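Student: Here is the input, now give the coordinates:
(one chain, ligands or ions: 2)
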Amino acid sequence: MPTATHLDFQAARGVPETHEWPVLHDHPVVDGGAGAGEDEVPVVDLRDADPAKVAAAMARAAEQWGAFLLLGHGVPADLVARVEERIEAMFALPASEKTRAVRGRGESCGYGSPPISGFFDKSMWSEGYTFAPANVRLDLLKLWPDAGPHYLLFCEVMEEFHKGMFALAHKLLGLFLSALGLTAADCAAAAKIADTMAASMHLNWYPKCPDPKRAVGLIAHTDSGYFTFVLQSMVPGLQLFRREPDRWVAVPAMPGAFVINVGDLFNIVTNGRFHNVFHRAVVSRESHRVSLGYFLGPPAQAVVAPLDEALTLDRPRPAYRPVVWREYMGLREKALFVGESALKMIAVAKDDAPQTPKLHETS
Ligand SMILES: C=C1C[C@]23C[C@H]1CC[C@H]2[C@@]12CCC[C@@](C)(C(=O)O1)[C@H]2[C@@H]3C(=O)O
Ligand SMILES: O=C(O)CCC(=O)C(=O)O
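Tutor: Ligands and ions are numbered 1, 2, ... in the order given. As a prediction, this is how the structure comes out:
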């Protein structure tokens, strides 16, 4: 697996061939900020007094975009600032320390490019760190075996963040499900999702790039789980893929907002109703950027399938066969190797399969 340590980003005068991606400009990039009309990224504010209205707005955004900006979520700005400070401090460590924690093949935690990078010949203009926030004290010993003050500070801040985020994730899950007409109280499958949902975190550091048009921070992908919170702070870089006409919509940097992305699994359980959004991160010449993804997914042994309650008049048959989550992740690997969609591989009938772009069409 290529790791970011192959290149000293700070010293690079140009983009070497190893980091040069040929097809990054196949679709135009448009601004998704306020006033962009059709292209304006939907905003959901949890401070809205009517929960039914909030749930409906989330469902609309999930159906039409597979993404939205979330405001009024209650995670304090000063905590988010401390999280960002820790991310900056971690990536500023000398390469010799970071490489101690390199994520090996088949391992889920550690330093390096994100797992998806293993499926491409080219390397991305970024470094990453993946860990399970519920297990941060154990996971981070890999980077800080002496468990010194930096380790303690990192763990304390991430634990505090995880506590707030996990509660928020459950609140969002409840709203998503209620928009589908389900409550965990009266639907066993919905209750199971809520009871078994777990979080993973992936931190990204995108150094300044001398030639940003030839490199990419994070290659186009969908997330595999239910949904993801992305914190991109005040340096924009996240882009969402939209069809008809095909284009990349640049998500504006919005103070205090999280971006919510719908993943493959929410597309599965909603029988194709929620759209799993294809997205990527670009880099810039002027500023480096940090971001974090807080991913919600099921346990590896869970059997996932469209919820009976999500079958609708226009799609009364399940679009996907039941699949063990571990098996789905394996299919995703296979799909990535051939630029295919894993969802297609579990689709019951071709005609029923929701449309997702092929990886090689957009990357
Ligand atoms: C729980 C997750 C979710 C992961 C894997 C694991 C930890 C890291 C996440 C990401 C982060 C970057 C994109 C992605 C595609 C990747 O390569 O690593 C994500 C992947 C997924 O959504 O499948
Ligand atoms: O850096 C970003 O804005 C995107 C991050 C992301 O998509 C991820 O970590 O999965």
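Student: What segments of the stretch 251-363 of the chain are helices?
Tutor: Here the stretch 251-363 of the chain has its helices, by DSSP state H, counting those that start in this stretch, at 264-269, 325-338, 342-346, 359-362.
Student: deepest of the ones you listed, which one?
Tutor: Stretch with highest mean neighbour count among the helices of the stretch 251-363 of the chain: helix 264-269 (a mean of 25; mean count of other Cβ atoms under 10 Å). Where you see a C-beta, it was placed from the backbone N, CA and C, and this is true even at glycine.
Student: Please put the alpha-carbon coordinates of that helix into CSV.
Tutor: C-alpha atoms of helix 264-269 as CSV (Å, rounded to 0.1, in the frame of the first residue of the first chain):
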residue,chain,number,x,y,z
ASP,A,264,-23.5,2.9,0.7
LEU,A,265,-25.2,1.2,3.6
PHE,A,266,-27.8,3.9,4.0
ASN,A,267,-28.6,3.4,0.3
ILE,A,268,-29.0,-0.4,1.0
VAL,A,269,-31.2,-0.1,4.1
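Student: Show me what that helix is packed up against.
Tutor: strand 303-304, helix 325-338, helix 342-346 (3 or more Cβ pairs under 8 Å, 6 or more residues apart in numbering; DSSP states H and E).
Student: Now mean pLDDT and distance to ligand 2 too, for the ones you listed, in TSV please.
Tutor: Rendered in TSV, the data for these read as follows (pLDDT from 0 to 100; distance: least, Cβ to the nearest ligand atom, whole Å):
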stretch	mean pLDDT	distance to ligand 2
strand 303-304	97	20
helix 325-338	93	14
helix 342-346	96	16
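Student: give the contact list for Ala62.
Tutor: Ala62 sits next to Phe68, Phe176, Ala179, Val262, Phe266, Thr270, Arg273, Phe274, His275 when contact means Cβ atoms under 8 Å, 6 or more residues apart in numbering.
Student: and if we set it to 10 Å?
Tutor: Residues near Ala62 by Cβ atoms under 10 Å, 6 or more residues apart in numbering: 42, 44, 68, 176, 179-180, 227, 260-262, 266-267, 270, 273-277.
Student: So what's the residue count around Arg315?
Tutor: Look at Arg315: counted by other Cβ atoms under 10 Å, it has 16 neighbours.
Student: Would you quantify the distance from the closest residue to it other than its chain neighbours to Ser341?
Tutor: Closest residue in space to Arg315, ignoring its immediate chain neighbours: Asn271 at 5.7 Å, by Cβ to Cβ, 6 or more residues apart in numbering. Taking Cβ to Cβ, to the nearest Å as the measure, Asn271 and Ser341 are separated by 16 Å.
Student: Mind giving me the PyMOL select for the contacts of Ala62, buried ones only?
Tutor: This is the PyMOL syntax for the buried subset of the contacts of Ala62, where burial follows 16 or more other Cβ atoms under 10 Å:
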select buried, resi 42+44+68+176+179+180+227+260+261+262+266+267+270+273+274+275+276+277
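Student: State whether Ser108 and Lys142 are indeed in contact, as I suppose.
Tutor: No: with contacts counted by Cβ atoms under 10 Å, Ser108 stays clear of Lys142, the gap being 11.6 Å.
Student: Name the residues contacting each of these two.
Tutor: Common neighbours of Ser108 and Lys142, using Cβ under 10 Å, 6+ apart, are Phe131.
Student: List the contacts of Ser291.
Tutor: With contact taken as Cβ under 10 Å, 6+ apart, Ser291 is in contact with 84, 87, 126, 128, 202-206, 217-218, 230-233, 235, 237-238, 259, 281.
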